[in-house]
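Fold the following, please.
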Amino acid sequence: MKALQGVKGQLHWQEQPGEPLAAGQVRIKVAAAGLNRADLLQLAGHYPPPPGAPEALGLECSGIISEVGAGANWQVGERVCALLAGGGMASEVVVDAQHVLPVPEGLSLAEAAALPEVYATAWLNLYRLAALRPGEKVLLHAGASGVGSAAIQLCKAFGNPCWVSVGSAERLQHCQKLGARGGVLRSENLQDLRDFAPFDVILDPVGGAYAALNLQLLALDGRWVNIGLMGGREAQLDMALLLGKRIQLTGSTLRNRDEAFKAELMSELAREVWPLFARGQLTPQLEQVYPATEAEAAFAKLASNQVAGKLVLCLDDSLS
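This next block holds a predicted model:
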């Protein structure tokens, strides 16, 4: 099989043997794989896969089940998408059957490849870790990103008014069309977020550069979930403000969670989130699909920070 590897900052398609199939696993013939910022970090050598995970890039994929291990509740030929610790950008992948979901009715395999990672991340951090309650207000930094676009739609579906910070007027418009109440451009004045504060929950992939502002914007008993370090790893915090507001600060990653945790999370998505696609309350925000031969262009586009929604790499357009 072929797999896309990141070697010293360069992308290479490499031939490698397929993985053996164990009980409780399925083999998926990959149609498409979603691109995520974690793939950029892995390519740059900053985010290696967890022990035992494939070295190939790709944290989510879609395709057709080609083999089913003992005890796995799937059938050969079913259209699925999967959450992965790595290896999605390959001609096939072996994954725990409990980390697999059906392609929502009416969606293409390319659209389905853009779902697992962002909706799992948004649901985990907003509704499990931050324990959002109906009516509570949310601030989403990088609101036009894949995770941000998913989070806006979830907030709208579950009754949580949300605001965003974004990089351009076009991306702010994108967020408002999805359901955001408003927001600010990071290139202008982030302090204008005070006009919409206080927020009960902040979902932040930026980190250091936004830390002090987050403390100011949060309400009493506010929850701040940090999921990335795009703005640096160090920050100076007013601990008296953290203490006085009883703020909960949570650092969160998904890739290195254990198999059982991911299985439970995917079960929640199947129950709480996936039905919303059929009702039209959630829609994939797929900006562009790249053929496998244009992987470098796809990664360059993602690195440009000029993306609203998701980018997908097509591995096999003959699958349907």
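
Going by C-alpha atoms from here, please, whenever you check contacts or count neighbours.
OK.

measure stretch 6-19 end to end?
End-to-end distance for stretch 6-19, by CA to CA, to the nearest Å: 19 Å.

May I see the buried residues of that stretch?
Residues of stretch 6-19 classed as buried by neighbour count (16 or more other CA atoms under 10 Å): G6, W13.

That stretch: how far from the chain's middle?
23 Å (CA atoms, centre = their mean, to the nearest Å).

go on, stretch 236-248?
28 Å.

Show me what it is in contact with.
With CA atoms under 8 Å, 6 or more residues apart in numbering as the test, stretch 236-248 has contacts from A211, A212, L215, Q216, L218, A219, L220, D221, G222, R223, W224.

Pull out the buried members of the residues you listed.
By 16+ other CA under 10 Å, the contacts of stretch 236-248 give A211, L215, Q216, L218, A219, L220, D221, G222, R223, W224 as buried.

coming back round to it: inside helices: which ones of the contacts of stretch 236-248?
Applying DSSP state H to those, the entries found in helices are A211, A212, L215, Q216.

All the strands of the stretch 51-200 of the chain, residue numbers only.
For the stretch 51-200 of the chain, the strands defined by DSSP state E, counting those that start in this stretch occupy 60-68, 79-83, 92-96, 100-102, 138-141, 162-166, 182-185, 199-204.

residues making contact with the last one?
Okay, so that is strand 199-204. With CA under 8 Å, 6+ apart, strand 199-204 has contacts from 125-126, 130, 132, 136-142, 214, 217-228.

from the chain's centre, how far out does that strand sit?
17 Å.

report the angle between the axes of that strand and strand 162-166?
For strand 199-204 against strand 162-166, the angle by axes from the mean of the first three to the mean of the last three CA atoms, to 10 degrees is 30 degrees.

Pairing partners for strand 199-204, with directions?
Applying DSSP bridges, strand 199-204 is found paired with strand 138-141 (parallel), strand 218-226 (parallel).

Can you lay out those as TSV showing distance to A70 and mean pLDDT?
Below are the strands paired with strand 199-204 laid out as TSV (distance: least, CA to CA, whole Å; pLDDT from 0 to 100):
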stretch	distance to A70	mean pLDDT
strand 138-141	42	98
strand 218-226	38	98
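
Let me know the pLDDT of S320.
pLDDT, S320: 65.

Number of residues surrounding the closest residue to P20 other than its chain neighbours?
Excluding its sequence neighbours, the residue lying closest to P20 (CA to CA, 6 or more residues apart in numbering) is V94, at 7.9 Å. Using other CA atoms under 10 Å, V94 has 25 other residues around it.

Check A263 too.
Neighbourhood size, A263 [other CA under 10 Å]: 17.

So it is in contact with L84, correct?
No. Counting by CA atoms under 8 Å, A263 stays clear of L84, with 11.2 Å between them.

Spit out the residues that contact these two alike.
In contact with both A263 and L84: H99, using CA under 8 Å, 6+ apart.

filter the contacts of strand 199-204 to the buried ones?
Neighbour-count burial (16+ other CA under 10 Å) is assigned, among these, to 125-126, 130, 132, 137-142, 214, 217-228.

Redo the buried ones among the contacts of stretch 236-248 as TSV? Include distance to Q306.
Conversion of these to TSV gives the following (distance: CA to CA, whole Å):
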residue	distance to Q306
A211	23
L215	28
Q216	28
L218	28
A219	31
L220	34
D221	34
G222	30
R223	28
W224	25
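
which one of those residues is nearest R186?
Within those, proximity to R186 (CA to CA) peaks at A211, which comes in at 14.0 Å.

What about the closest residue to that closest one other than its chain neighbours, how many residues nearby?
For A211, ignoring the flanking residues on the chain, the nearest one in space by CA to CA, 6+ apart is A235 at 6.3 Å. Neighbourhood size, A235 [other CA under 10 Å]: 13.

Give me the pLDDT value at A235.
Looking at A235, its pLDDT stands at 88.

How about the secondary structure of it?
At A235, secondary structure determined by DSSP: H, G, I helix; E, B strand; the rest coil is coil.

Next up, the contacts around it.
G207, G208, A209, A211, A212.

Which two among those are spaced furthest apart?
Spanning the widest gap among these are G207 and A212, at 9.7 Å by CA to CA.

quick one: E15 and L313, what's the gap?
E15 is 18 Å from L313, by CA to CA.

brain fart, N189
According to CA to CA, N189 stands 35 Å off from L313.

The two: which has the busier surroundings?
A count of neighbours by other CA under 10 Å puts L313 above the other of N189 and L313, at 27 against 10.

Any idea what the more buried one is bridged to?
Applying DSSP bridges to L313, the residues it is bridged with are A33, Y290.

contacting residues for it?
Going by CA under 8 Å, 6+ apart, L313 touches A32, A33, G34, L35, M89, V289, Y290, P291, A292, A295, A298.

Dump those residues to a markdown table, plus pLDDT.
As requested, the contacts of L313 are arranged in a markdown table below (pLDDT from 0 to 100):
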| residue | pLDDT |
| --- | --- |
| A32 | 98 |
| A33 | 98 |
| G34 | 98 |
| L35 | 98 |
| M89 | 98 |
| V289 | 97 |
| Y290 | 97 |
| P291 | 97 |
| A292 | 96 |
| A295 | 97 |
| A298 | 97 |
